[in-house]
Every structure is written in structure tokens, then in C-alpha cells.
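# here's a sequence, model it:
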Amino acid sequence: MMTEQVSLSGKFYAAQSRGAVPYQELLDGVRSLSIDERWCPTPYNAQDSFKEACVDHRKMVASRASVIYGTKITYLDIEVKKHTDVDRNGYEFLWVHKKESKNSYTVLASVSLNGSNTPTIVDDPNRVISIQILRMRWEHYKETVSGGSVGRKLRELGNKIEELGCAHYLLGGLWWVSDISPDPTHDTKGFYNIWFKMCDLICSVSDKNHSSIKIRPLEVTPDEHSYGMVTDAIHSSIADKVKELQELFELEKNTPDAGKMTDRQLNTQAKRVATITKQLLELDSRLNLGDMTTNLKSALATARQDCTLLQSQSQSRAAMAKRRILKNYPRGFVQGV
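The predicted structure follows:
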């Protein structure tokens, strides 16, 4: 039990990714804030837009089918199922006849983009599809950003500041973000400030359009429980990364020469070790992680030594291979090799 006062040195941010927002409004906001457009969440592509349009179209299909079949059918009775070759054959609308032991189905209509990139009716004997409305909904979704797209882009951006030791993803859309900004020489592209700007922009556009997409700070008391929630998650995450490196380097030691990693691959792993080490040190400076970092720092030092040894061995193998090549050439023919 902690008796001294603890400091989270930051806030919890909760992301809710349900709903959708207009793409153009997000893009305009990104441009006005001089943020790299790569951080703007992307809209639905043509095929995903088509699927969403079909799902929305169930109410109309149900209404028209009710008249044709003389029974009440709701949109909950209609399912949209894709064909195996969805790009060519699209989706079909099924009327589900719910029964006690085994459901049955009636195929009402089939629609696709049909390679023309325009919603087209493939089969609709009872005219339950309004192709004009389906196309209108398709056009709408092509200019719409889903909550999932927002969440993925925030996670990608959050990973950047997590590598800087200024944030940590906990679970279920919950982040801890430090109040202490990173050294500008470490965050040369300004990821830390971009994250906050994007959060504010997303909330502003969401509120304007009555969407439920949100990423906002939570009021959390900095006590032993909230502190433990953050530090335990950090320890677990970094321990997993270190274990992965240890297993990778151990496997590499026992791999035959022909299957070993290239210099470039080893350099990538060396950068991973350096990044994780810097991340741990930055988090320790902000949260005073104390004894929980001792084993991690020791394991990272060992991983760094292992990687350095493997790099040296790789360079030696490359030098020996070059000498063998030169040895097989006639004297005087090897200039420039």
C-alpha cells in the first residue's frame, strides 16, 4: 500500500469510435492547422461505402417487401450478405424467416458495383431496390469517415508519442498521456502536439455533426489505483517487447548461416532495442517507475549486447564471402570489386 502521494504526470484519455463524421470537414481542419494530411482519417473506400449503403437500404427493402408479400417485415428481418467474389457480384438482400428450430431465407434482390464503380441492380424481380437512393447513400459514404478509421489513425499517431515515452495505450480505447512534452530534438515532427490538435479537431467536427466519436480527458484521481493501472500496463507492454527481442536473438544464434538475418534486418532490430530503451527511460523520468524497471533495463542491456554480437558476426560472414569471391577471379580482374 502506498502511503506517499503519487503523481500521474498526465491524464487519461478515453476514445469512443462509434459513429461517423464528414471527411471534408476533417480534411479542412487538418489543413487549417497545418497538420500533415497523413494524419487525417480516411473515408470509406468504394466497396466499403457500397456495403454501408446496402445496410442502410434495408428499411426501404423491408417496406417494399411488406407490401409485395402482404406481411409485416422490418429491417431486422433483412440481412445483407456478400458473394464470394464481392467485387464482381456484390451483395444480396435476404429476408430471414425466423422459426423455432431452423430459419429459412428468401433472396429478395442482388446488387453490385459490377466493375463500373457504380451501384447496379443484378437481380430484383419484385423491385424492392431503389437504385437512385442506393446510389445517393453510396456517394454519401464515400465522403464519410467511420469511427473505426478515426480510431485506427489515433492509435497510429498515439504509437508515435508512445515511442517517445510520453503516452501509453492501456486498453479499450483508453490512453495515458503525459503532461510533460518531449524534448523537441526527439520529437522533430511534432507528434505530441499533433495528437492533441487531432483530438480537439475530431471532437469539434463530431459535436458539430451530432456524432458519438470522441477522444476526451477523464477526471481521474491520482491515487495508488490509477497510478498502478498505468505503471502495470507499461511494465507488461515493455516486458512483452523485451521477451520478443530475447526470443528473436536466441533463435538467430541457432539459425544456420544461410537463414540468418541480413545486416539491414539486424540494424532494424538494433533500432528497436534503442527505441524501447529510450521509451522506458522517458517513462521512468515521468512516472518514477522505480524498482519495476531494474529487470527490464538489465534485459534490454543484454539484448543490446546480443544484437551487437550478431551484427559483428554478420559483418564477418560478409567479409569472408567477399574474400571467397575475389579469390575465384583471375589476378588483375578484380579491380573495382
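
# what's residue 299 in contact with, if anything?
242, 246 (CB atoms under 8 Å, 6 or more residues apart in numbering). For every residue, glycine as well, the C-beta is placed using N, CA and C.

# where does this protein dip in pLDDT?
Within the chain, the stretches with pLDDT under 70 are 1-7, 329-337.

# in it, where's the longest helix?
Using DSSP state H, we find that the single longest helix of the chain is helix 294-327.

# that one: which residues count as buried?
By 16 or more other CB atoms under 10 Å, the buried positions in helix 294-327 come out as 296, 299-300, 303-304, 306-307, 310-311, 314.

# right, and residue 253 touches residue 310 too?
Yes: if you go by CB atoms under 8 Å, residue 253 and residue 310 touch, sitting 7.4 Å apart.

# what's the local residue count around residue 156?
For residue 156, the count of nearby residues is 12 (other CB atoms under 10 Å).

# look up phi and psi at it.
phi -60, psi -40 (degrees, to the nearest 10).

# okay, it and residue 169: tell me how far apart.
Counting by CB to CB, to the nearest Å, the separation of residue 156 from residue 169 is 11 Å.

# show me what contacts residue 20?
Applying CB under 8 Å, 6+ apart to residue 20 gives the contacts 144-147, 211, 213.

# same thing with residue 31?
Counted by CB under 8 Å, 6+ apart, residue 31 has contacts residue 37.

# secondary structure class for it?
The three-state label given to residue 31 by DSSP: H, G, I helix; E, B strand; the rest coil is helix.

# what segments of this structure are helices?
Going by DSSP H, the chain shows helices at 23-32, 46-56, 58-69, 86-89, 131-142, 147-163, 191-208, 224-253, 263-287, 294-327.

# what inclination does the second one have with respect to helix 131-142?
Between the axis of helix 46-56 and that of helix 131-142 there is an angle of 120 degrees, by axes from the mean of the first three to the mean of the last three CA atoms, to 10 degrees.

# counting contacts, what elements does helix 46-56 pack onto?
Contacts defined by 3 or more CB pairs under 8 Å, 6 or more residues apart in numbering; DSSP states H and E place helix 46-56 against strand 78-82, strand 91-97, helix 131-142.

# likewise for the third one?
Taking 3+ CB pairs under 8 Å, 6+ apart as contact, the helices and strands that helix 58-69 lies on are strand 78-82, strand 91-97, strand 104-112.

# list the strands paired with the shortest one, with their directions.
Sheet partners assigned to strand 78-82 using DSSP bridges are listed as strand 91-97 (antiparallel).
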